[in-house]
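1. Show me how the following folds:
(chains A, B and C)
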Amino acid sequence: MLDLINELWFLKRDIVSDGFDRALQRLAEAVPMTIHEYPTGEPCWTWRIPEKWTCRAAYLETLDGRRLVDYAEHPLHVVSYSLPFEGVVSREELLRHLHVHPTHPQAIPFVFKYYDRDWGLCASQELRDSLTEDGYRVVIDASFEPGSLKVGEVVIPGESQQSFVLVAHLCHPAMVNDDLSGVVVGLDVARRLLAGPPRYFTYRLLILPETIGSVAYLSHNEDLIPEMTGGLFLEMLGNDSPHALQGSFQPNSRADRCLRAALPALDPLGYLGAYRSIIDNDERQFNAPGVRVPMLSLSRVEAPKSSGHPPYPEYHSSLDNPSIVSQERLEASRDVVLGLLDAYERDQYVVNNFKGEVFCSGYGIWVDYRRNPEGHRCLFEIMERCDGERTVSDIAAELGITFQSAWEVVSLLQEKDLVWLSRVPHPTTPRR
Amino acid sequence: MLDLINELWFLKRDIVSDGFDRALQRLAEAVPMTIHEYPTGEPCWTWRIPEKWTCRAAYLETLDGRRLVDYAEHPLHVVSYSLPFEGVVSREELLRHLHVHPTHPQAIPFVFKYYDRDWGLCASQELRDSLTEDGYRVVIDASFEPGSLKVGEVVIPGESQQSFVLVAHLCHPAMVNDDLSGVVVGLDVARRLLAGPPRYFTYRLLILPETIGSVAYLSHNEDLIPEMTGGLFLEMLGNDSPHALQGSFQPNSRADRCLRAALPALDPLGYLGAYRSIIDNDERQFNAPGVRVPMLSLSRVEAPKSSGHPPYPEYHSSLDNPSIVSQERLEASRDVVLGLLDAYERDQYVVNNFKGEVFCSGYGIWVDYRRNPEGHRCLFEIMERCDGERTVSDIAAELGITFQSAWEVVSLLQEKDLVWLSRVPHPTTPRR
Amino acid sequence: MLDLINELWFLKRDIVSDGFDRALQRLAEAVPMTIHEYPTGEPCWTWRIPEKWTCRAAYLETLDGRRLVDYAEHPLHVVSYSLPFEGVVSREELLRHLHVHPTHPQAIPFVFKYYDRDWGLCASQELRDSLTEDGYRVVIDASFEPGSLKVGEVVIPGESQQSFVLVAHLCHPAMVNDDLSGVVVGLDVARRLLAGPPRYFTYRLLILPETIGSVAYLSHNEDLIPEMTGGLFLEMLGNDSPHALQGSFQPNSRADRCLRAALPALDPLGYLGAYRSIIDNDERQFNAPGVRVPMLSLSRVEAPKSSGHPPYPEYHSSLDNPSIVSQERLEASRDVVLGLLDAYERDQYVVNNFKGEVFCSGYGIWVDYRRNPEGHRCLFEIMERCDGERTVSDIAAELGITFQSAWEVVSLLQEKDLVWLSRVPHPTTPRR
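-> I've put the predicted structure just below:
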C-alpha cells in the first residue's frame, strides 16, 4: 500500500481535475473498477457538479522578479479552486489572499474554496512573516471548464443484493494520511474480498471526491439505497494512533451494534465515539435524511472533533506526507476492516435446536479459558441467549463481551448442531 | 390586568355564591364568554354540585358588645361554607372554631370547609392571643340554598376541532395572586388570541371554582375530552419569582415535550418540575383517569410542593392582596403563555424535500451566531433530523437546545422550500 | 416441618436411588402427589436419564484392617455415583480419590460425579492429614443398574389452566438446608393452598432431583409449558439469614414485577438480586431457551454467588444437618411464599369506574397513616393510576411502595365500587 501512496500522493487531486482522474485511473489498474462520470452542471439533489479546475502555473514574486512561492514546487501553494489572477498587489491585499497554517510555522496549509469564488495562495507562516515590501506580483494561471466528476466503484457481489458500503475520498492534493491512506486500505480490503470465499452481503467500495462525490453517486443510484444495510468510511489509517470507530446516526442499527462489539478484539486500544463526535466525512451524506444508511467511520484520529484540536498534528498541511504513515499500520488497519466485515457477515440470529440447558458433558462442550476467557466464563449465559431473537452481537452486547468471544461459543454450538444461524429472527419461546 | 384585579379582588367569591357570579359576570364583559350553569345537586361523575352559600353578616364580640372580628371588614373572617351559628360560647369552644395563620401572626388565614359541615371564624394570631375572657358571643348569619355553579368559557375557534385548554380558578375570596392573577392573565391571553391571526388549534379558556368546577364542566362535556390535546393551568402569576412549569401526568405527551422545550427562551430563570411536584390545582381533574388530558401548569411558585414550604409567603392569607402583584409581571406571564402557545401551534413534523445534506452555500443558508447561537452551532444537526419523523420540539430536545432556536432554523429551511411541516408523521427514510 | 426433616434428612437421596424414592414416597403420604417415573436411558431433550446407583458398603482401611472411613457411618463418605472399586492402593493414588472440604477441616464434603465415571471417597481434612502409611485398602461396593428417575407433583387446580410452578430438589443426601428445607416449605405451602379458598391460577409443586429432574419433567410435559406464567424455586430456607429473591431471566415479566414489589412487606430485611446473581438451581431449566418460564428463586442465601463465597458456611458438607435450621424460620419462609403467591393472585389490572378524581369525602375514603403510611401518603397517586392499563404491582413499582400498600388502597376502592379488577388490560383513556 505504501508503494501506491508513494506513486500517487503528490498528484493534484482536486475534486474535478486531471490529477484526480489520473489517480483514479491508476487505482482502477489495481482492482476491477467501474468509473462513474457526472458532467459539470449535472443536478445532484440540492447540489450541482462543479466545473473542472486546472491550475497550470502559479507564483508569487517580488517586483524585481525574485520567486517566493511556486505552485510547481508544491500543489498546496494554490487554494484549490482559486480564481485565476495576474497582477501586482499591495502587501496588504496580498496578505488577505495568502493563507498560512495556524500552528505549524513551516507548513503550507491546505485551503479550498470550491464555492467561494476567490483567488488565493498558501505559504508558510515564516514566508509570510518575511514579506516586508510594499507590492508583489501574483500569477495564478487557473481555468474552469466543463469536465466530469469521477467516482470509482468496486463491487464484490454476494449472495444477497443487500450491501455494505466502504467509502474513501481521494480529493486531498499532495496529502497522504488524509486522504490517501483510507483509499489504499479500502482497495486492499476489496482485493482480499474479491480473492476470498463468497460472501452473503454484496460489498461496494466507493472512491470519490469528498461530499459532492457521495451526493453525485447516491443521487444517481437511488434504487441501491434501500439495499444498503450498513457502511464504513475509511480515512487517516496510516498515522501512529489506535483506531477510532465512530457510530452512525442510528446507534442501534445492526451495523452499529455489530461493529462496536467487534472492535475491541481487533484493536484493544481502539475507542468508540458517537456520530459526529470524532470526525466528519462522507458518512454524513449516507446518514442524511432520505438516505439513512447507518454508516460508521474508522480512522486513527488522535484528538476527536469534540476535543477542539486537529485530528492529528499534520492535518491539512504539507506535513501530511508519506513520512507519517507506515506499511505496518496500513496493514493493521486493513485487518481491522476485514475483521469488522467478518463480524458483519456472521452476525446472524442464533436459533436453538435445543430446549432447556444443554447437557454439556454429554456433548463434550468446553471452552478453553486461556484461548477465550470471556467465552469460558459466559458459556451458560451465551447458551441461554440462543433463542432465535438475538444475534451474536446482541448476545455479546448483553454480556459485555467481544463479538469474537461470543462467536466462538456459538460456532462450537453450531458444530454440535445445537444451534443454527438465521438472517431473520426466528423466536422459539413458547407463546403464553 | 391590575385594574381588573383591583376591581374584583375583594369580592366574596366562594365556590357557589353571588360574589363568584358577580366576578364572572364582570369578566364576561371584557371578552365574549359562555357561562355554563350547573344546578345544586346535579351529579357530576362521583361528585354533586353543592348548595349556594351566602353569609350576610358575621362577628365575634365580647359579652359586653365589643366587636373583635367582623366579616364586614374582611371576607376571610368567616370559614368559606361555614354553618350558621349564633350564641355565647366559652373561650375554649371558641378557640376550637377560630382559625389562625400558621406563620403570619397578623394575617387572617383562608379556611374552607365545603364538605365538613362545621362553623368557623378566622382571625389573626394576635387577636386570638388577646382573648382572655371566659365567654364570647358569636354570630354567623349564613345560609345554604339551591343555586348554580358557574363556569365561564371563552372559545377561540381554530382550523381544527382539536383544542388546547387554559384553566384558572376564581373561587378564592379576597385574594389576588392565588387565584385572580391566573384569571386575568388567561383573559388577556384569550383577548390576544381572539385579535390575532387564525390558528390551527381551537383554544378554550375556562374560569371556574376549583376542582368541582372542572369536574362539572368535564362531566357535562365528555364529547370534547378526546379533542383536548393539551392544556395549561394558570395561577400565581403576579408575585416576584421566575416561572415554574409543571409537567402533566404524561411527561412524553406532545404538549409536555413542546412546552418544556419552549420555556427556557421565554423565561431564562424559569424552572421545570414533574407532575404534582410544584403545586396541585385543577390540572388534576384534567390529568385524571378517564380524562387524561396532558395539562401542564404555569405559576410563579417560589417553593415547590416538594419543599414542604408554602408556594409563596402570603399564600392563603389576607396578605395575598394587590400589593404583592405587579402589572409588569402579569404582562410578562401573559407573554410567556403566548410564547408557549406559539410553540404549540408550530410544533409540527418537519418533512424534508431534500435528500443527503443540503448544499448550504448554494442556498445561502446561514444562521447568525449572535442572534441564534444554538441554531448556528447545530445547523447540520437540525437539518439531519428533518426526516418527517421528528417535530420541532423533538429536534430541540434531542439537541438540548430551545424550541425557538430549532424553530428559527426550520423556518429558514421552510422559506427555501427545503422542508414542509406536517401535523402527522411523514417518514422519508427508505424502507430496508 | 422439622419433624419431616428429622425423619428424612439422613437418607441416601442420590438422584436415581432407592433412598430418593423412599423419601419421595414419604412426602407423598403427607399430601396428594402424582409420582412421574422416567426410566434409565430415556432421552430428555439433550439429556438421558442416568442409571440407578446403589452403594451397599464402602470403606477405607489400613492394610492391617483398621477402618478409617465407613459409608455406614455417613452417606457423604462416598462420592455420589462413584464407580465401584476394591483393592489396595498407594497413598498417592488414594489421595487423588479422597475428597475433603476446602474450608472446614472436620467436615465431610458433598461430592458428586454423575457423568465423570470415577471412583472416590470423601473424608475430613483432619483424617486425610493423618494418612502416613504407604498403602491402604479401599472397598466401594456400588452398582449401576436400570431404574427410574422420580418426580413428585402436587397440583392445586385453579380457575385457570395458567399455572405458577414451585420447584424444590430432594437429591442432596444427608443434608438439610440444601436441599430438604425447600422441599418441606414447598410441601407446607401446597398443603395450605389445598386447604384454602379456590384460586385463579393453578399451582404446581414439583419435587425432583436437581437439573435432570426438571429436564425430565419439562421434556415430557411440553404442552404445559405455555401455560406456566411464573414460578419460584425454593431452597435454603432454614438457616438464619434474611430472604433473598432472585429474579428470572425476564426481569420485566409479570411474575418478576409482582414478587419483587411484594417481598419487602413480607421480609423487611429481604433483598433482591438479578437472575444468576444469587444462586443457581433448577430455575435455570425453566428459564432456558424453548421454555422461558419466568421462574424466580427464594432462599436465605447469606453470600450471593457474585460474592465468590459459599451461600452459607455449612454448604455442601456434613455440617449441613438439622442443627442449623429452625421450625420458626421454616414457618416464616412458608409465610413469605404464601404472601408472594397472594400477591400473584391479586395482581390484576385496576380498571376505573370513575372519571376525574374521586370525591373522597363523599365516599368516606380515608387511609389510616399508621396502618398504611405509604397508602395514606400516595392515596391520590394510586387512584390516578387506576386506568385499566396498570396492575397493582405496576402502580406499586411506579410509586416505589410495596405491593401490599397499593393493594390495600385498591381494595378500598373496589369495596366502594370505584374500580374493578381485570386479568387483561382494559384501557379507559379516551382515544385522541
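
2. Local confidence estimate at the residue nearest the centre of chain A?
-> What sits nearest the mean C-alpha location of chain A, by C-alpha atoms, centre = their mean, is A:L234, with 1.8 Å. A:L234 carries a pLDDT value of 98.

3. mind listing what it touches?
-> A:166-168, A:182-183, A:185-186, A:297-299, A:333, A:337 (C-beta atoms under 8 Å, 6 or more residues apart in numbering or on different chains). C-beta here means a position set from N, CA and C on the backbone, and glycine is covered the same way.

4. A:A396 too?
-> Neighbours of A:A396 in contact, by C-beta under 8 Å, 6+ apart: A:261, A:402-403, A:405-407.

5. again, only this time at 6 Å
-> A:261, A:403, A:406 (C-beta atoms under 6 Å, 6 or more residues apart in numbering or on different chains).

6. Quick check: the residue of chain A nearest chain B.
-> Chain A approaches chain B most closely through A:G290 (3.2 Å), counting by C-beta to the nearest C-beta.

7. Give me the neighbour count for that residue.
-> If you count neighbours by other C-beta atoms under 10 Å in any protein chain shown, A:G290 ends up with 20.

8. Then A:S299?
-> Neighbour count of A:S299, defined by other C-beta under 10 Å: 27.

9. Could you pull out the helices in the stretch 151-300 of chain A for me?
-> Counting by DSSP state H, counting those that start in this stretch, the stretch 151-300 of chain A has helices at residues A:180-195, A:212-219, A:254-266, A:283-287.

10. what separates the residue nearest to the centre of chain A from B:G364, distance-wise?
-> Counting by C-beta to C-beta, to the nearest Å, the separation of A:L234 from B:G364 is 33 Å.

11. could the contacts of A:A396 be laid out in a markdown table, adding neighbour count and distance to chain B?
-> Listed next are those as a markdown table, based on neighbours: other C-beta atoms under 10 Å in any protein chain shown; distance: C-beta to the nearest C-beta, whole Å:
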| residue | neighbour count | distance to chain B |
| --- | --- | --- |
| A:A261 | 27 | 21 |
| A:F403 | 30 | 22 |
| A:A406 | 30 | 25 |
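
12. Turn these into CSV, including pLDDT and distance to C:R423.
-> Below are the contacts of A:A396 laid out as CSV (pLDDT from 0 to 100; distance: C-beta to C-beta, whole Å):
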residue, pLDDT, distance to C:R423
A:A261, 98, 40
A:F403, 98, 42
A:A406, 97, 39
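
13. returning to that earlier point: out of the helices of the stretch 151-300 of chain A, which comes closest to chain C?
-> Of these, nearest to chain C by C-beta to the nearest C-beta is helix A:254-266, at 20.6 Å.

14. and that closest one, what does it pack onto?
-> Contact analysis of helix A:254-266 by 3 or more C-beta pairs under 6 Å, 6 or more residues apart in numbering or on different chains; DSSP states H and E lists helix A:327-346, helix A:392-399, helix A:403-415 as its packing neighbours.

15. which residues sit against it?
-> Contacts for helix A:254-266 (C-beta under 6 Å, 6+ apart): A:230, A:245, A:247-248, A:270, A:272, A:294, A:296, A:336, A:339-340, A:343-344, A:347, A:393, A:396-397, A:402-404.

16. sorry, back to before: any chance of the helices and strands packed on helix A:254-266 in JSON lines with distance to A:P84 as columns?
-> JSON lines is the format used below for those (distance: least, C-beta to C-beta, whole Å):
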{"stretch": "helix A:327-346", "distance to A:P84": "38"}
{"stretch": "helix A:392-399", "distance to A:P84": "54"}
{"stretch": "helix A:403-415", "distance to A:P84": "54"}
